[in-house]
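K.L.:
here's a sequence, model it:
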Amino acid sequence: MKIHFLGALLLAAGCAIPNQAQDGAALYRSKCVACHGATGAGRPAIPGTNLLAEAARKASDADLTEAIARGGKKKLASHAYETKGVKPAEIEALVKYVRTLQAKQKP
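P.N.:
Numbers count the residues shown, from 1 in each chain. Reported below is the predicted structural model:
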């Protein structure tokens, strides 16, 4: 009974409870894999899609967040996921997942 009350209280307060929608891997597969590939190595025919490149590795989490949320410095409409309904927690999950892809592939 207390657990249900606490859950209801958290929901009423607007607290985010982790769910499948915030799973970085699932979000990546649904939103990013077409251009960036399953491993993050990108598509040779699409410049700038290699998330394993040194520039992407050196980008700060804030820079990656900006690129995903609002298209980065180039204001790429293909990203700008914030305007497409992707929530900040989901964008954060995507950044974390990209970092795991980069960690798997040593330079």
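
K.L.:
what sits up against the longest helix anywhere in the chain?
P.N.:
For the chain, the longest helix by residue count, based on DSSP state H, is helix 88-104. If you take C-beta atoms under 8 Å, 6 or more residues apart in numbering as the criterion, helix 88-104 is touched by 16, 21-25, 27-28, 31-32, 39-40, 51-52, 56-57, 61, 64-65, 68-69, 81-82, 86. Where C-beta positions appear, they are placed from N, C-alpha and C, glycine not excepted.

K.L.:
now with 7 Å?
P.N.:
Contact with helix 88-104 is made by 16, 21-25, 27-28, 39-40, 51-52, 57, 61, 64-65, 68-69, 81, as judged by C-beta atoms under 7 Å, 6 or more residues apart in numbering.

K.L.:
what residues of that helix count as buried?
P.N.:
Neighbour counts over helix 88-104 (16 or more other C-beta atoms under 10 Å) mark Glu90, Ile91, Glu92, Ala93, Leu94, Val95, Tyr97, Val98, Arg99, Leu101, Gln102 as buried.

K.L.:
helices of the protein, start to end?
P.N.:
Using DSSP H, helices in the chain cover 2-12, 24-31, 33-36, 54-58, 61-70, 88-104.

K.L.:
could those go into JSON lines alongside mean pLDDT and distance to Pro47?
P.N.:
Below are the helices of the chain laid out as JSON lines (pLDDT from 0 to 100; distance: least, C-beta to C-beta, whole Å):
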{"stretch": "helix 2-12", "mean pLDDT": "42", "distance to Pro47": "44"}
{"stretch": "helix 24-31", "mean pLDDT": "95", "distance to Pro47": "19"}
{"stretch": "helix 33-36", "mean pLDDT": "94", "distance to Pro47": "11"}
{"stretch": "helix 54-58", "mean pLDDT": "95", "distance to Pro47": "12"}
{"stretch": "helix 61-70", "mean pLDDT": "96", "distance to Pro47": "15"}
{"stretch": "helix 88-104", "mean pLDDT": "96", "distance to Pro47": "18"}
